[in-house]
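**Student:** Here's my sequence, what's the structure:
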Amino acid sequence: GEWIYLLHTGEGAALWGLLLGLFTLAAPVLAVTGTLVWLRKRHNLPMLAGMVSANRADTVILVASEGGSTWGFANALGKAWQQRGGRVHLAPLSSFAPSTYTAARRVLIMAATWGDGDAPAASSNVLARIAEAPPHPTAQLAVLGFGDRSFPAFCGFAEDIDATARSAGWQMMLPLDRIDRQ
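**Tutor:** As a prediction, this is how the structure comes out:
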């Protein structure tokens with residue numbers, strides 16, 4: 001009974017009260033900082049001016065990036081394609097949904113490898129989705145890998161995507177290509 005009284009009144013337990021107060025203050029601090037991190041990450045993703053929806057694009061560019069640098073390459077490629085009259089949709093690889101690419105002629109995957117040949121965190125489940133989805137009836141696929149040749153699994157994630165897409169029956173536009181340290 002005494003500890004219940006102590007817990008509810010806080011008499012003689014200033015340190016306990018201070019600790020619980022700090023825990024209580026942590027919740028709003030975590031909510032605010034989490035929102036700021038989310039907004040910063042969302043703001044850092046390049047938005048392609050004139051981008052069309054996935055179902056109207058003749059070119060779909062999908063990006064898997066841990067640090068965000070691959071997005072810059074994708075944005076530059078999207079702009080160049082638009083200047084040649086193309087209708088481009090730029091999206092994260094985690095949104096892979098070939099059934100929505102109804103007007104697509106090509107799907108380009110730009111995939112960075114993280115760690116020892118691993119997928120970026122947001123794209124970790126995409127291999128299973130590529131393997132399970134029927135290949136697109138009209139679009140060809142190309143995979144461009146980004147990595148660091150000093151690591152043993154240089155562009156390992158891009159290689160996995162390429163192998164999975166080939167096994168699933170996708171028509172490949174180009175052989176897998178790799179970029180070393182940008």
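
**Student:** which residues in the chain form helices?
**Tutor:** Under the criterion DSSP state H, helices of the chain are mapped to 2-9, 14-44, 69-83, 126-132, 156-167.

**Student:** got a list of contacts for the helix or strand bottoming out on mean pLDDT in the chain?
**Tutor:** Every helix and strand of the chain was ranked by mean pLDDT, DSSP states H and E. The lowest is helix 2-9, at a mean of 74. Outside helix 2-9, the residues that touch it by CB atoms under 8 Å, 6 or more residues apart in numbering are 11-13, 16. Backbone N, C-alpha and C define where each C-beta goes, glycine included.

**Student:** between it and helix 14-44, how big is the angle?
**Tutor:** 50 degrees (axes from the mean of the first three to the mean of the last three CA atoms, to 10 degrees).

**Student:** Can you show me the CA trace of helix 2-9 as CSV?
**Tutor:** Taking Å, rounded to 0.1, in the frame of the first residue of the first chain, the C-alpha atoms of helix 2-9 are listed here in CSV:
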residue,chain,number,x,y,z
GLU,A,2,2.8,2.5,0.7
TRP,A,3,4.3,2.4,-2.7
ILE,A,4,0.8,3.1,-4.2
TYR,A,5,0.5,6.1,-2.0
LEU,A,6,4.0,7.2,-3.0
LEU,A,7,3.3,6.6,-6.7
HIS,A,8,0.1,8.8,-6.6
THR,A,9,1.3,11.6,-4.4
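
**Student:** Tell me the most packed of the contacts of helix 2-9, by neighbour count.
**Tutor:** The most crowded member of the contacts of helix 2-9, judged by other CB atoms under 10 Å, is residue 13 (14 neighbours).
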